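Peer 1: Following is a predicted model, sequence given first.
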Amino acid sequence: MWIYLYPGLMLSKNPISMLFFGKGRESKSTGKVIPRDWYEVEIIVDTETTNNPVYPQGDFTAYTDDGSNFPCRTQGDYYKNFRSKKDLKILGRWIKGKLEQSGALQKFEPVTSQTLQNYGRDYIRLYKLSDSDYYLEF
């Protein structure tokens, strides 16, 4: 069983949240804004995908096509926020790292539909191995 996560088909609607280009983290006590790390990423997933019974809800382990594994989590309304658990840089290093290694992305440039076209894939394929284990291809 598998489904696709489409990080690049509708970039104008912000499905990959490139947090590096956002406002940053604002400290509630000081009001100071701390810039985001280049590799911080979360994927905003559409409702049709989150309603698929294969889609993870909550915590799980992601095993990747390059032999890595890391803890992930879906959270928010309808579990739409697909992210690495505890550290948003883990998923970001995996996605952006693959784009950088292929030559499709230079550090500190935004990921665009052209970036994904140059990479040769504009989706992440997600396979359910068990309720707590998923395999990711990108």
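Peer 2: Done, it's in.

Peer 1: And the closest residue to residue 108 other than its chain neighbours, how far from residue 110?
Peer 2: Nearest residue to residue 108 in three dimensions, chain neighbours excluded: residue 38, at 6.2 Å (C-beta to C-beta, 6 or more residues apart in numbering). C-beta: built from backbone N, CA, C; applies to glycine. Per C-beta to C-beta, to the nearest Å, residue 38 is found 11 Å from residue 110.

Peer 1: try residue 91
Peer 2: Going from residue 91 to residue 110 by C-beta to C-beta gives 17 Å.

Peer 1: hmm, back to that, ok, residue 38 and residue 110, which is more surrounded?
Peer 2: Counted by other C-beta atoms under 10 Å, residue 38 and residue 110 do not tie: residue 38 has more neighbours, with 17 against 11.

Peer 1: give the contact list for the more buried one.
Peer 2: Counting by C-beta atoms under 8 Å, 6 or more residues apart in numbering, residue 38 makes contact with 20, 92, 96, 107, 108.

Peer 1: Where helices are concerned, which of the residues you listed count?
Peer 2: When DSSP state H is applied, these are split such that 92, 96 fall in helices.

Peer 1: Output the contacts of residue 38 in TSV; the columns should cover pLDDT, neighbour count and distance to residue 124.
Peer 2: Converted to TSV, those look like this (pLDDT from 0 to 100; neighbours: other C-beta atoms under 10 Å; distance: C-beta to C-beta, whole Å):
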residue	pLDDT	neighbour count	distance to residue 124
20	66	17	19
92	93	24	13
96	93	24	13
107	92	8	21
108	88	8	22
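
Peer 1: Alright, that wraps it up for me.
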